[in-house]
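*Asks:* just to be clear, the model below is a prediction. Sequence and coordinates:
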Amino acid sequence: MVLVTGVLLLAGLAMAAQQLLPSSFAGWTGTVQPGLSSSAVISSDRQAGVTVSQGSSALPEYGFVAGANGMYQKGGESMRVDVYRMKDPSGAYGLLTYLRAPDMTHAKLATHSFVSDDEALILTGNLVIDVHGRELQKRETDLKALARDVGAHAEVGALPTLWQELPAKRLVPGSDHYVLGPRTLNQFFPVAVGNSVGFNTGAEAEVARYRAGKGEATLLLVDLPTPQIATHTLSQLASQYDVNGSKPGAGEPLYAKRLMTTLVIVTGASAGAEATALLNQVQSGEVLTWNQPVPKGKQADIGTIVVGTIVGTGAICAFSLVAGLVFGGLRLAVKRAMPGKIFDTQKHLQVLQLGLLSKPIAAEDFYDRSGPRIKMGEVEKNLPDRVALRLFRGKEKG
């Protein structure tokens, strides 16, 4: 059973590798093998100060799911391609900034791509393509064909925008990194604050180096879910580290401020004025406006509201009564002055009949005054057939 499971697992990995990498592209042919896992080791010379064991921790923090590698040949040239599948495009973008070497420049292979003479990095959806070879800067057409084939299996989504809040003035090129975990942040930020900036609450971070005086300062942006969480995180940092002079002598001093949901932290500056100047370059992208008029006066109490409701209802009832009397009086006056000419004319008046009489009722019968009057208490015996009207006024039947 264990053997069968192992075979199926290897078959699944091989199938995933075949799906991520093509067997050939732009004249390059080769073999594809599943060669990457969550414990994959990233080269130690990629970033200054990053060791092999530290490099491996970046993959799970960025959300590594699966990977594949392939060796390709074209004439006498060879090329190695590694593909990293991340759980979402944000993690893929972070891994791209992590893998980027300082000497790599922006390329035209994709919206987010970098290239040097011996390496190229391409971001397509939730996939990161890492190519190693020779004279890659001259192989733009081949690399675009590879990115197109691999990109067919990518999941497209929104990318992080936190990097847009980094100041451009005095930024060290290629030093910006998007970070989603504490261990990765501690590789790029001189003070080990990774476990104290709120990654467990869903924070994301952007770190970069800046030229400050004769040295360099490091700027860290941490975006948290809510302003309340950001305020709490800043107070926690101040209780553990020397933030804005909160704990003198407790290690490297930090200069920080909060902008809405974002914490801005600077360290490494030779003077407080340099750190403050760098902090002031970061401006919040959130703008709060209030364009509705502020009501003046005090809100009425419940007693005033109840009394006002009763008075208002009485006024409406009085108006309805007066309007009804005026309308009714006017109608009666017009009917007496001009009977049958404006209201209840024979042409428009309709009578609902139940069919109980042999003689139909006509509208003019209501206005005919020529016949005899029926006195109260008397019985009219000359009514139509099959109908007798009996009036009872306290008399016994005779």
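*Replies:* Here it is on my side, so go on. Residues are numbered from 1 along each chain as shown.
*Asks:* for the rest of this, base every contact and every neighbour count on C-alpha atoms.
*Replies:* Fine.
*Asks:* can you pull out the helices in the stretch 1-150 of the chain?
*Replies:* Counting by DSSP state H, counting those that start in this stretch, residue ranges of the helices within the stretch 1-150 of the chain are 2-20, 52-62, 89-99, 140-151.
*Asks:* quick one, strands of the chain?
*Replies:* 24-25, 28-33, 64-74, 77-86, 105-106, 113-115, 119-124, 127-132, 177-179, 204-212, 215-223, 255-259, 262-267 (DSSP state E).
*Asks:* neighbouring strands - and their directions - for the last one?
*Replies:* Each strand that pairs with strand 262-267, with its direction, by DSSP bridges: strand 215-223 (antiparallel), strand 255-259 (antiparallel).
*Asks:* any idea how far the first one is from the chain center?
*Replies:* On the basis of CA atoms, centre = their mean, to the nearest Å, the separation between the geometric centre of strand 215-223 and that of its chain is 27 Å.
*Asks:* tilt between it and strand 204-212?
*Replies:* Put simply, strand 215-223 runs at 160 degrees to strand 204-212, going by axes from the mean of the first three to the mean of the last three CA atoms, to 10 degrees.
*Asks:* correct me if wrong: Leu171 contacts Val207.
*Replies:* No. With contact defined as CA atoms under 8 Å, Leu171 does not reach Val207; the gap is 10.9 Å.
*Asks:* could I get the strands paired with strand 262-267 as JSON lines with mean neighbour count, distance to Gly70 and mean pLDDT?
*Replies:* Output for the strands paired with strand 262-267, formatted as JSON lines (neighbours: other CA atoms under 10 Å; distance: least, CA to CA, whole Å; pLDDT from 0 to 100):
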{"stretch": "strand 215-223", "mean neighbour count": "22", "distance to Gly70": "36", "mean pLDDT": "92"}
{"stretch": "strand 255-259", "mean neighbour count": "19", "distance to Gly70": "46", "mean pLDDT": "92"}
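*Asks:* got TSV for the ones you listed, with distance to Leu95 too?
*Replies:* What follows is the strands paired with strand 262-267, written out as TSV (distance: least, CA to CA, whole Å):
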stretch	distance to Leu95
strand 215-223	17
strand 255-259	26
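*Asks:* phi, psi for Lys108 please.
*Replies:* Main-chain dihedrals, Lys108, degrees, to the nearest 10: phi -100, psi 20.
*Asks:* check Asp117 too.
*Replies:* The phi/psi pair for Asp117 (degrees, to the nearest 10) is phi -70, psi -30.
*Asks:* tell me the pLDDT of it.
*Replies:* We have a pLDDT of 90 for Asp117.
*Asks:* now it. Nearest residue, chain neighbours left out?
*Replies:* Nearest non-adjacent residue to Asp117, counting by CA to CA, 6 or more residues apart in numbering: Glu135, 4.9 Å away.
*Asks:* verify the stated contact: that neighbour with Val115.
*Replies:* No. When contacts are counted by CA under 8 Å, Glu135 is not listed as touching Val115 (9.9 Å).
*Asks:* the more surrounded of Leu171 and Val207?
*Replies:* The residue with more neighbours, out of Leu171 and Val207, is Val207; 22 against 19, by other CA atoms under 10 Å.
*Asks:* how near is the more buried one to Pro167?
*Replies:* Val207 sits 11 Å away from Pro167, going by CA to CA, to the nearest Å.
*Asks:* could you do Pro173 as well?
*Replies:* In terms of CA to CA, Pro173 sits 12 Å off from Pro167.
*Asks:* who has more neighbours out of the two?
*Replies:* Neighbours were counted for Pro173 and for Pro167 using other CA under 10 Å; Pro167 has more, 17 against 14.
*Asks:* so that one touches Gln281, yeah?
*Replies:* Yes. Counting by CA under 8 Å, Gln281 is a contact partner of Pro167 at 6.1 Å.
*Asks:* what sits against Pro160?
*Replies:* 90, 93 (CA atoms under 8 Å, 6 or more residues apart in numbering).
*Asks:* ramachandran coordinates for it?
*Replies:* Torsion angles, degrees, to the nearest 10, at Pro160: phi -60, psi 150.
*Asks:* cool, Ser175 as well?
*Replies:* Main-chain torsions, Ser175, degrees, to the nearest 10: phi -100, psi 0.
*Asks:* before we move on, what about Ser23?
*Replies:* According to degrees, to the nearest 10, Ser23 has phi -70, psi -20.
*Asks:* returning to that earlier point: where among the strands of the chain is the average confidence lowest?
*Replies:* strand 28-33 (a mean of 78).
*Asks:* figure out how far that one is from the centre of its chain.
*Replies:* 41 Å.
*Asks:* does anything pack onto that strand? Which helices or strands?
*Replies:* When contacts are defined as 3 or more CA pairs under 8 Å, 6 or more residues apart in numbering; DSSP states H and E, strand 28-33 packs onto helix 2-20, strand 64-74.
*Asks:* how does it look with 10 Å?
*Replies:* Contact partners of strand 28-33 among helices and strands, from 3 or more CA pairs under 10 Å, 6 or more residues apart in numbering; DSSP states H and E: helix 2-20, strand 24-25, strand 64-74, strand 77-86.
*Asks:* partners of the shortest one, with directions?
*Replies:* When sheet partners are counted by DSSP bridges, strand 24-25 sits next to strand 28-33 (antiparallel).
*Asks:* how about the strand it pairs with: buried residues?
*Replies:* 28-30, 32-33 (16 or more other CA atoms under 10 Å).
*Asks:* so which of these is the closest to Thr201?
*Replies:* Thr201 lies nearest to Gln33 out of these, by CA to CA, at 37.2 Å.
*Asks:* low-scoring pLDDT stretches of the stretch 201-350 of the chain, where are they?
*Replies:* Applying pLDDT under 70 to the stretch 201-350 of the chain flags the ranges 284-297, 344-350.
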